[in-house]
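Novice: here is the input, now give the coordinates:
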Amino acid sequence: MHTPVVRSAAAFLARTFLIRLTALMFLPCVIGLRGATTYPPGPQAGKDGTTVWLVDYAHAPFSSRTVGGNYPPPINFNDQLSRINFMRAEPTNAPGFGSRFFVADLNRTLYIVPHADPLSTNTWIRYINFEQVFPRFDNDPGFAGGLATFAFDPEYATNGIFYTVHMETTASTRAPTNGTLPGLNLAGYTTTSLIAPPTGTIGRIAVLIEWRDTNVANTTFEGFAREVLRLGFFGTIHPMGDLLFNPIAGPEDPDYRNLYLAVGDGRAGEAVGTTHPHPQQLTALVGKILRITPDLNLRPEDQLGSNARFRIPTTGADPNPFATESESFTNIAGLRREIFAYGFRNPHRFSWDTVSGKFLVNDIGFNSWEEVNILRKGANYGWAEREGAEQFFVTNGVTGSRRFPPFPFPGTDELSVGGFVNPVTPVYPVAAYSHRDGDAISSGFVYRGMLMPELYGKYIFGDITTARIFYCDLEDMIAADDGDRATMAEIREIQIAWDSPYDSLDQGVTNRRLFDVVAETYRAKGGTNPNALPGGALVTSGWDPDGEPYGGGRADIRLAVGHDNELYVIGKSDATIRKMAAVLGPPSIMSTRAGEAGEITIEWRAFPQRTYRVETTTNLASGEWEKIGDDIVATAATAGASLPADGGAGFFRIRLL
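Specialist: Modelled structure (predicted):
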């Protein structure tokens, strides 16, 4: 009588995830990017087996750009099915906290979405249609046109104030209308004067609006709006991308209710000519992180902005870095005291970790590097003289190590900045990846939720185009903020698992990526672009690090954090929001033991509320497995099963369904 052989094959998920996970469980760990100061020959971000289970959380209503002035536009199924790009929860003390969330669609609409049934597009409530309110609203061309972002005032629960940024054309300014938003009281509304870059023509305008809803408990807008800032950009890309209030500043803190603005360079820095220096110039607002106080009455001793619609923190314990002269800095004519940090290309997303207190900024690079930066007050982040940890050459559009022959990094790492007595040493990213690994960095957050304890305290971010999701250890990022351009945190890729609801479309998929998930959903929802996805070619030449073709197009993902501190992935091309629900791994065997009657008891590591199945075979080569007993729903971090001994040799596996 042979003793049965108990063997755990790598666990696999239902349908399309089977092959990818089982293969990767046997691959050695590949070390990710660390300390690269020259351009790598190939992908560097490695995989360590970390896998996140994604579940469909919400389906957005379809929308399309307005092309040629024809409104409302028909749905263009050859393009992205929507352009949802921001999801935010209200402050914790607001009436709707925990029962609803807000979503911005670049095409025009700010939605309120109940948590009850976000998968049904019928539950999405159109709160404000910006194209119907603002006559010069502009959502085409470019990736950033339309309703760019929004943020809630820390006192939203009592004052009803929130802020939005939208794009407008360069045609003569026109005031908003309230014909389709009757609750909007426009009494006293006036537009502001345009703040333009020092040189160059204006290609697009970003407008910051303060809204005051007098009843935040319902789902309609009734109240007032006030224009705070009107900012011009050289091109139609890299406008104002994000808004944020300091989440750890209380009412007594000098930073309380100060608004941070992520402002791109409008393509100025990558252009040869007079606009190239804009990100480095303290007389220009573009290519900067700004800090202003929208409430004119909050700190009346502070200086008014040039349009008298906001104040600039210029007094007290925490003034803006260029508010006053010092031994190292002399005020210059036209100085913009709104500047908090400078030298950015497209810092389109930032986040503030409330535990560590770190302010993280993601800056999209040009042709070479994607950056994660820790924000420092008054610091220079190098663009358009630096990209990643390298010197940037605008005439070639590449960094020094990509020139032929390669150009050595300057012996003295200094930049001349007007207003400073001495040259300035730039600050470098704490994590970066090249265009061998992606195309454009998305948003990111330090994870502080409960569903994925394995990732707690990790900084999780993504790549917009390829939909790859990465993580870094926050401790490594903080350690990399040491002034050494070669010190960077290691980047690892997070694999994904997703149980496709589209059985008829997932046949033959052997290498599932989030890009494939978005493409499959796009096609299932009626997308017709001949590429895998709409949006043009990939900078990564259309191949992933494993040599698999993407098939063209952009997944166009962003990350968001919910009221529950859990992470969500927003897909513009397939109009879908997915939730990161768990970290998955093989249900590794913890113990095996034989009973008196010859039965075998197996215990394995499990995920509560997940379903497992025990299967057996006598021939591993056959690929045929037989189910034993009923499926098991785990109620704790371990699960187990007793298996009958039949007197023959056999193999068993635990399958995660």
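Novice: tell me the centre residue of this structure?
Specialist: By Cα atoms, centre = their mean, the chain has its centre lying nearest to residue 443, at 1.9 Å.
Novice: what sits against it?
Specialist: Going by Cβ atoms under 8 Å, 6 or more residues apart in numbering, residue 443 touches 349, 351, 362, 461, 462, 558, 559, 560. From N, CA and C alone the C-beta is placed, and that goes for glycine too.
Novice: okay, these in JSON lines with pLDDT and neighbour count next?
Specialist: Shown next, in JSON lines, are these (pLDDT from 0 to 100; neighbours: other Cβ atoms under 10 Å):
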{"residue": "349", "pLDDT": "98", "neighbour count": "26"}
{"residue": "351", "pLDDT": "98", "neighbour count": "21"}
{"residue": "362", "pLDDT": "98", "neighbour count": "27"}
{"residue": "461", "pLDDT": "98", "neighbour count": "27"}
{"residue": "462", "pLDDT": "98", "neighbour count": "27"}
{"residue": "558", "pLDDT": "98", "neighbour count": "21"}
{"residue": "559", "pLDDT": "98", "neighbour count": "21"}
{"residue": "560", "pLDDT": "98", "neighbour count": "21"}
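Novice: quick one: which of those is nearest residue 201?
Specialist: Within those, proximity to residue 201 (Cβ to Cβ) peaks at residue 349, which comes in at 27.2 Å.
Novice: go ahead and confirm the closest one touches residue 558.
Specialist: Yes - using Cβ atoms under 8 Å, residue 349 is in contact with residue 558, at 7.4 Å.
Novice: so what sits against both of these two?
Specialist: Common contacts of residue 349 and residue 558 (Cβ under 8 Å, 6+ apart): 442, 443.
Novice: what packs against whichever strand in the chain runs longest?
Specialist: Counting residues, the longest strand found in the chain (DSSP state E) is strand 46-59. If contacts are counted by 3 or more Cβ pairs under 8 Å, 6 or more residues apart in numbering; DSSP states H and E, strand 46-59 sits against helix 18-24, strand 492-497, strand 576-584.
Novice: okay, helices next: where are they in the chain?
Specialist: Ranges of helices in the chain, per DSSP state H, are 18-24, 130-133, 156-159, 474-480, 514-524.
Novice: among the ones you listed, pick out the one with the most neighbours on average.
Specialist: helix 514-524 (a mean of 24; mean count of other Cβ atoms under 10 Å).
Novice: pull the distance from that one to the chain's centre.
Specialist: 19 Å (Cα atoms, centre = their mean, to the nearest Å).
Novice: okay, that helix in PDB with CA atoms only?
Specialist: Taking Å, rounded to 0.1, in the frame of the first residue of the first chain, the C-alpha atoms of helix 514-524 are listed here in PDB:
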ATOM      1  CA  LEU A 514      -5.000  44.900 -17.000                       C
ATOM      2  CA  PHE A 515      -4.500  46.200 -20.500                       C
ATOM      3  CA  ASP A 516      -6.300  43.100 -21.800                       C
ATOM      4  CA  VAL A 517      -9.000  43.400 -19.200                       C
ATOM      5  CA  VAL A 518      -9.700  47.000 -20.400                       C
ATOM      6  CA  ALA A 519      -9.600  46.000 -24.000                       C
ATOM      7  CA  GLU A 520     -11.900  43.000 -23.500                       C
ATOM      8  CA  THR A 521     -14.400  45.200 -21.600                       C
ATOM      9  CA  TYR A 522     -14.100  47.900 -24.300                       C
ATOM     10  CA  ARG A 523     -15.000  45.400 -27.000                       C
ATOM     11  CA  ALA A 524     -17.800  43.900 -25.000                       C
END
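Novice: all strands of the stretch 251-400 of the chain, in order?
Specialist: For the stretch 251-400 of the chain, strands defined by DSSP state E, counting those that start in this stretch occupy the ranges 259-263, 288-292, 303-304, 311-312, 339-342, 349-352, 359-363, 369-374, 386-387, 390-393, 398-399.
Novice: columns distance to residue 198 on top of those strands, output as a markdown table?
Specialist: Listed next are the strands of the stretch 251-400 of the chain as a markdown table, based on distance: least, Cβ to Cβ, whole Å:
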| stretch | distance to residue 198 |
| --- | --- |
| strand 259-263 | 14 |
| strand 288-292 | 13 |
| strand 303-304 | 20 |
| strand 311-312 | 19 |
| strand 339-342 | 14 |
| strand 349-352 | 25 |
| strand 359-363 | 22 |
| strand 369-374 | 24 |
| strand 386-387 | 21 |
| strand 390-393 | 20 |
| strand 398-399 | 26 |
